[in-house]
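J.: Give me a 3D structure for the following:
(one chain, ligands or ions: 1)
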Amino acid sequence: MSIARGGRLPASVNEAMQALNQSVDVDCRLWREDVRGSIVHARGLARAGVIPSDDAEKIVEGLGKVATEIESGQLKWDPVREDVHMNIEARLIELVGPVGGKLHTARSRNDQVATDLRLWTRGQLDEAIKAIADFGAIIIERAEEHIDVLMPAYTHLQRGQPSRLSHHLMAWQELLLRDADRLIDARRRLNECPLGAGAVAGTGFPLDRDWVASELGFDGPMQNSLDATASRDFLMEVASALAILGVHLSRIGEEIVLWSTAEFGFVTLSDEFSTSSSMMPQKKNPDVAELVRGKAARLIGDVTSLFVLEKSLCFGYGRDLQEDKPPIFHAFEGALQSLRALSGAVATCTFNAHRLEAALDAGHVCATDLADLLVTKGVPFREAHHIVGQLVRLAENGNVQLSELPEASRVALHPVLGSLEAAAALDPRQAVERRGLVGGPARARVIEAVAGAKSRWRRIGKD
Ligand code: ARG
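T.: Next up is the predicted model:
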């Protein structure tokens, strides 16, 4: 008797069909959730009086044995049995006899796989949220450590205004805070139990769906059997959030690649997070950051797969849905690998303070501050912008910085430009301190931002 093909079809199957049909090589990863769901389902059947309690306990005991076999690598997954669900059920029946055949009462693989996948995704979300929080904590620590190091803030990758490294690092972790929040939000929405929905239109057996849901840690049962078995928006949502996270990690990676060039020299990666070249003996490469950039491309691909998979499905399970597993498995794998490796790289890298601060010496980064000074003397900003623009042109022509221009040529444009106040405006350290608004790079503000971020992360830990 073939469990997968029932009595309706002959046991043998075409080879090409089997290759297409089987999914156990991929969905065997769901075995823990499958066993857990089956144990609760068996007890639920007994509670509802559908099967005797003794039978339920025999099934539960048998499932325990199957789990031990899987754990120890003893159980050989059989592709003829199609998927993880059939493999576990068939092995259960081999171990406990025909009573094992009662387990699938009032259940379909459609509500079963949807339940397994929600349980699995929930567990992975918890890991991902923790990994994001760990990365956030590392970034905050590095920001605190370098609170006094200045650097330029860039727009268009051109030096723009004086700022501080810690302010830049704190921007990285702002993205991560939102990433964690998005995953927490998705977790809350997916935490509903499909079991009891059956194949498509429920079951006539009097299951207590609330009890089953709460035994599995769900907030409650899904409210519509058609939706419960055939909707995968939870996967689209989670994969989208992971892709956004991937893009964020990729952006951080991009900066590490750039900053570790000899041209920038802002950061030096530790040896343990660097790689070498098979040909050029001198090379020390930032592959960690490049791989994280690469993983983001695949995370975006995973979202696309899931969207396309779902978009043309009528209501009611379609076998297309078997293909939902590789992208979501892959997405979590890529996201977690990237998070952990990038966290390690950022925790162990060296920020080169002298290079970061030396970058303030060119690029007229205090030009805005000089214009702002004129504004405080009553000059309309547009005019001030024009005056300082002319001054920058003079400096560029003379190949000097604004502060190095002879006083006479500054005063010729506006008398205030020769004052001590103008000299102060051109000092990057003072200029940074003037940017003291919420969100700005002044020292006290960044210290405040660090404290604020710590308490936001603590709240996330409690959610
Ligand atoms: N392996 C299937 C999946 O992953 C399980 C559900 C199969 N349902 C069915 N009616 N053939 O979607």
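
J.: only C-alpha atoms for contact and neighbour calcs from this point on.
T.: OK.

J.: And the strands in the stretch 201-350 of the chain?
T.: Listed in chain order, the strands of the stretch 201-350 of the chain (DSSP state E, counting those that start in this stretch) span 267-268, 350-351.

J.: for the last one, packing partners?
T.: Going back to what we said before, that points to strand 350-351. Where contact means 3 or more CA pairs under 8 Å, 6 or more residues apart in numbering; DSSP states H and E, strand 350-351 is packed against strand 267-268.

J.: Looking at the strands of the stretch 201-350 of the chain, which one is packed in the most?
T.: Neighbour counts (mean count of other CA atoms under 10 Å) averaged over each of the strands of the stretch 201-350 of the chain peak at strand 267-268, with a mean of 22.

J.: ok, residues contacting it?
T.: Outside of strand 267-268, the residues within contact range by CA atoms under 8 Å, 6 or more residues apart in numbering are 256, 259-260, 349-352.

J.: S250 against A296, yeah?
T.: Yes. Here S250 reaches A296: they are 6.2 Å apart, a contact under CA atoms under 8 Å.

J.: Give me the nearest residue to the residue in the chain that the ligand sits nearest to, chain neighbours excluded.
T.: Using CA to the nearest ligand atom, the closest approach of the chain to the ligand is made by Q322 at 3.6 Å. The shortest distance from Q322 to any non-neighbouring residue, by CA to CA, 6 or more residues apart in numbering, is to S23 (7.4 Å).

J.: ok, back up a step: for the strands of the stretch 201-350 of the chain, give me a markdown table that also has mean pLDDT and distance to the ligand.
T.: Formatted as a markdown table, the strands of the stretch 201-350 of the chain follow (pLDDT from 0 to 100; distance: least, CA to the nearest ligand atom, whole Å):
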| stretch | mean pLDDT | distance to the ligand |
| --- | --- | --- |
| strand 267-268 | 97 | 46 |
| strand 350-351 | 98 | 46 |
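
J.: Tell me which of the ones you listed lies nearest to R43.
T.: Of all those, strand 350-351 sits nearest to R43, with 56.2 Å by CA to CA.

J.: Show me which residues of the stretch 201-350 of the chain are close to the ligand?
T.: 319, 321-322 (CA under 6 Å from any ligand atom).

J.: The residue nearest to Q322 reaches P79, doesn't it?
T.: Yes. If you go by CA under 8 Å, S23 and P79 touch, sitting 7.4 Å apart.

J.: my guess is C28 meets D83, correct?
T.: Yes. The pair formed by C28 and D83 meets the contact definition of CA under 8 Å, at 7.3 Å.

J.: Just want to know which of those two has more residues nearby.
T.: D83 (23 against 17; other CA atoms under 10 Å).

J.: who's in contact with the more buried one?
T.: 22-25, 27-28.

J.: for the residues you listed, which one is nearest R456?
T.: Comparing these against R456 with CA to CA places D27 closest, at 36.3 Å.

J.: Am I right that the closest one sits in a helix?
T.: Yes. When classified by DSSP: H, G, I helix; E, B strand; the rest coil, D27 is found to be part of a helix.

J.: Kindly tell me how buried the residue nearest to it when sequence neighbours are not counted is, as a neighbour count.
T.: Closest residue to D27 apart from its sequence neighbours, by CA to CA, 6+ apart: V84 at 5.9 Å. The tally of other residues near V84 (other CA under 10 Å) stands at 25.

J.: any idea how far V84 lies from I70?
T.: 11 Å (CA to CA, to the nearest Å).

J.: Might one say that the residue nearest to D27 is in contact with C28?
T.: Yes. Counting by CA under 8 Å, C28 is a contact partner of V84 at 5.0 Å.

J.: Now for those two: what residues contact both?
T.: Joint contacts of V84 and C28 (CA under 8 Å, 6+ apart) are W77.

J.: List the buried residues of stretch 206-214.
T.: Buried residues in stretch 206-214, counting neighbours by 16 or more other CA atoms under 10 Å, are found at 207, 209-213.

J.: same thing with stretch 105-118?
T.: Buried, per 16+ other CA under 10 Å, within stretch 105-118: 106-118.

J.: Then stretch 266-274?
T.: 266-270, 273-274.

J.: what does stretch 173-188 give?
T.: 173, 175-177, 179-184, 186-187.

J.: List the contacts of it.
T.: With CA under 8 Å, 6+ apart, stretch 173-188 has contacts from 122, 125, 129, 132-133, 136, 139-140, 234, 237-238, 241-242, 244-245, 248, 453, 456-457, 460, 463.

J.: next one: stretch 399-417
T.: Contacts for stretch 399-417 (CA under 8 Å, 6+ apart): 361-364, 367, 370, 374, 387, 391-392, 395, 418, 422-423, 426.

J.: So how do I select the buried members of the residues you listed in PyMOL?
T.: Per 16+ other CA under 10 Å, the buried members of those correspond to this PyMOL selection:
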select buried, resi 361+363+364+367+370+374+387+391+392+395+418+422+426
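
J.: now, which of the contacts of stretch 399-417 lie within helices?
T.: 367, 370, 374, 387, 391-392, 395, 422-423 (DSSP state H).

J.: wait, what's in contact with V84?
T.: Contacts of V84 (CA under 8 Å, 6+ apart): 23-24, 27-28, 30-31, 34, 77.

J.: most surrounded residue in the residues you listed?
T.: D34 (24 neighbours).

J.: check contacts around that one.
T.: 84-85, 112-113, 116.

J.: Take the residues you listed and keep only those in strands.
T.: Counted as lying in strands by DSSP state E, out of those, is not a single one.

J.: For those residues, give me JSON lines that also has pLDDT.
T.: Converted to JSON lines, the contacts of D34 look like this (pLDDT from 0 to 100):
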{"residue": "V84", "pLDDT": "98"}
{"residue": "H85", "pLDDT": "98"}
{"residue": "Q112", "pLDDT": "98"}
{"residue": "V113", "pLDDT": "98"}
{"residue": "D116", "pLDDT": "99"}
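
J.: Show the contacting residues for the closest residue in space to A331 that isn't next to it in sequence.
T.: Counting by CA to CA, 6+ apart, L299 is the residue found nearest to A331 once chain neighbours are left out, at 5.5 Å. Listed by CA under 8 Å, 6+ apart, the contact partners of L299 are 239, 242-243, 246, 330-331, 334-335.
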